[in-house]
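Student: no sequence on this one, just coordinates:
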């Protein structure tokens, strides 16, 4: 993200077409929207958050947005990239997801103290189809850099989903478990705490650890 | 979310104005965009994810989107609301964030098995200003329902941020700790595992637990 990335929080009237109006103003100022989220919606008003790369200062854009009849409030805020940073996603059974999270959170703490921004997100889930869906959805999550599969048995459609998301550039770490998912992962780790730690090390710029330079893929 | 909420994954050319074009087509079909995320950006192409409430079937919208010169690929996918659901956010020091996560993940597992969709997101952080920023940013995160502050000492600007986000409707649980943050929270819990469990119970439709009906606010 360049120095000119602007975080904008807009409260606007609700309804079809409002986002189209707001993005029209941003496009006219040559703003490249790098992130957008609709944070809250009610019958009367919505809150929308934008991150925008701007070629010039924000003043003209801000005043044109504020002049829109649909815009109730326009506020400059710090960007998510700066606050929450890279995301590690942990998916699987509650007992193991919790242990992987312990490792990942402790390790992220050590890197965040040195200036990194890494957050750890988890979802405990059961069943082949919900797990495969959650795996496929990770590549649609903003700022997601690595996925850890934490369970005792995963295969079938989950394995297919793992191969798909790896092909899209996501790093996938699997616990050593029954089923075909470990065969499809970048890295297989037996200790769940270590799996969490390694996931963070792999995405941290403050760490010297690169999955592609490892001589072993199973730990 | 109604039955007509549509998840759409669009791969489009990169650059200013593209989101404006896509949202224009959606607005012409009376689509109300309930969620939008820019998932990936490169020089040539970006991937954008929309959730849209539509008054009619999606066919006409899909074919008009596919006809756009800027749209490379348009795909219907399951919505985030359905896959990841409500979010609990845990912020603070690594040791305590990890313990709160253990409780929250185990409890979310029990509810998700019964049909809930709750995920648990964490960020280990140090320092008054970064923590206050992270607290304020929670109300900009989509689907965030409760925040747990996990630390040993929090006050000052963090307390002010807690009061702000509570005024915007977010449930805030604080560990029992030094500083003024516990005074500003909805609920104060001493055991970090229990704090995580209570956060999940408070947002789960499958639980019988309502913070406003509790006779005590400190546990």
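Tutor: Received it, and whenever you're ready, just let me know what you need. None of the values given here were measured: they were computed from a predicted structure. Numbers count the residues shown, from 1 in each chain, chains lettered A, B, ... in the order given.
Student: may I see the buried residues of stretch A:124-133?
Tutor: Applying a neighbour-count criterion of 16 or more other C-beta atoms under 10 Å in any protein chain shown, one finds A:124-125, A:128, A:130-133 buried in stretch A:124-133. In short, each C-beta sits where N, CA and C put it, glycine included.
Student: please apply the same query to stretch A:198-209.
Tutor: For stretch A:198-209, burial by neighbour count (16+ other C-beta under 10 Å) applies to A:198-204, A:207.
Student: ends of it, how far apart?
Tutor: Stretch A:198-209 has an end-to-end distance of 8 Å (criterion: C-alpha to C-alpha, to the nearest Å).
Student: what does it contact?
Tutor: A:86, A:88, A:90, A:100, A:103-104, A:107-108, A:111, A:114-116, A:118, A:120, A:145-146, A:148, A:171, A:173, A:187, A:189, A:210-211, A:219 (C-beta atoms under 8 Å, 6 or more residues apart in numbering or on different chains).
Student: model confidence over stretch A:72-85, on average?
Tutor: Here stretch A:72-85 scores 83 as its mean pLDDT.
Student: hmm, that stretch in reach of chain B?
Tutor: Yes. Counting by C-beta under 8 Å from any C-beta of the partner chain, chain B has neighbours in stretch A:72-85: A:77-78, A:80, A:83-84.
Student: most neighbours among those residues, which one?
Tutor: When neighbours are counted by other C-beta atoms under 10 Å in any protein chain shown, residue A:84 leads the residues of stretch A:72-85 next to chain B with 24 neighbours.
Student: isn't that one right up against residue A:116?
Tutor: No. Counting by C-beta atoms under 8 Å, residue A:84 does not reach residue A:116; the two are 11.6 Å apart.
Student: mind listing what residue A:157 touches?
Tutor: Listed by C-beta under 8 Å, 6+ apart, the contact set of residue A:157 reads A:128-129, A:132.
Student: can you map out the helices along chain A?
Tutor: Remark: helices assigned in chain A by DSSP state H are A:18-28, A:59-67, A:80-83, A:94-113, A:128-138, A:157-167, A:181-184, A:192-203.
Student: how far away is residue A:29 from chain B?
Tutor: Relative to chain B, residue A:29 is positioned 8 Å away (C-beta to the nearest C-beta, to the nearest Å).
Student: burial count for that residue?
Tutor: By other C-beta under 10 Å, the residues close to residue A:29 number 17.
Student: now swap in the one 5 residues further on and tell me
Tutor: Look at residue A:34: counted by other C-beta under 10 Å, it has 19 neighbours.
Student: any idea what the residue lying closest to it once chain neighbours are set aside is bridged to?
Tutor: Residue nearest to residue A:34 in three dimensions, not counting chain neighbours: residue A:51, with 4.8 Å by C-beta to C-beta, 6 or more residues apart in numbering or on different chains. Beta-bridge pairing for residue A:51 (DSSP bridges): residue A:7, residue A:35.
Student: pretty sure residue A:51 contacts residue A:78?
Tutor: No. Look at residue A:51 against residue A:78 with C-beta under 8 Å: they stay out of range, at 10.1 Å.
Student: coming back round to it: as CSV, the contacts of residue A:157 with distance to chain B and pLDDT would be great.
Tutor: As requested, the contacts of residue A:157 are exported to CSV (distance: C-beta to the nearest C-beta, whole Å; pLDDT from 0 to 100):
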residue, distance to chain B, pLDDT
A:128, 14, 95
A:129, 10, 92
A:132, 10, 95
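Student: mind putting these into a markdown table with distance to residue A:43?
Tutor: Shown next, in a markdown table, are the contacts of residue A:157 (distance: C-beta to C-beta, whole Å):
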| residue | distance to residue A:43 |
| --- | --- |
| A:128 | 39 |
| A:129 | 34 |
| A:132 | 36 |
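Student: which ones are touching residue A:92?
Tutor: By C-beta under 8 Å, 6+ apart, the contact list for residue A:92 reads A:100, A:124-125, A:131, A:148-151, A:154, A:175.
Student: my error: substitute residue A:210 in the last question.
Tutor: Residues in contact with residue A:210 (C-beta under 8 Å, 6+ apart) are residue A:202.
Student: residues in contact with the spatially closest residue to residue A:113 that is not a sequence neighbour?
Tutor: Residue nearest to residue A:113 in three dimensions, not counting chain neighbours: residue B:126, with 5.5 Å by C-beta to C-beta, 6+ apart. The neighbours of residue B:126, taking C-beta under 8 Å, 6+ apart as the test, are A:109, A:112-113, B:93.
Student: gap between residue B:126 and residue B:219?
Tutor: Going from residue B:126 to residue B:219 by C-beta to C-beta, to the nearest Å gives 26 Å.
Student: same question for residue A:19.
Tutor: 42 Å.
Student: who has more neighbours, the two?
Tutor: Per other C-beta under 10 Å, whichever of residue A:19 and residue B:219 has more neighbours is residue A:19, with 29 against 14.
Student: list the contacts for the more buried one?
Tutor: A:36, A:38, A:48, B:23, B:27, B:33, B:36.
Student: count the neighbours of the spatially closest residue to the third one that is not a sequence neighbour for me.
Tutor: Setting aside the residues directly before and after it, residue A:48 is nearest to residue A:10 in space (C-beta to C-beta, 6+ apart), at 4.9 Å. By the criterion of other C-beta under 10 Å, residue A:10 has 22 neighbours.
Student: and residue A:62, by the same measure?
Tutor: Residue A:62: 17 surrounding residues under other C-beta under 10 Å.
Student: spatially, what comes nearest to it if we skip its sequence neighbours?
Tutor: Distance criterion C-beta to C-beta, 6+ apart; nearest residue to residue A:62, sequence neighbours excluded, is residue A:74 at 6.0 Å.
Student: dump the residue contacts of that neighbour.
Tutor: Applying C-beta under 8 Å, 6+ apart, the residues near residue A:74 are A:8-11, A:62, A:65-66.
Student: hmm, back to that, backbone dihedrals for the residue nearest to residue A:113, please?
Tutor: The phi and psi values for residue B:126, taken as degrees, to the nearest 10, are phi -130, psi 140.
Student: quick one: pLDDT of it?
Tutor: 90.
Student: just the buried members of the contacts of residue A:74?
Tutor: Counted by 16+ other C-beta under 10 Å, those give A:8-10, A:62, A:65 as buried.
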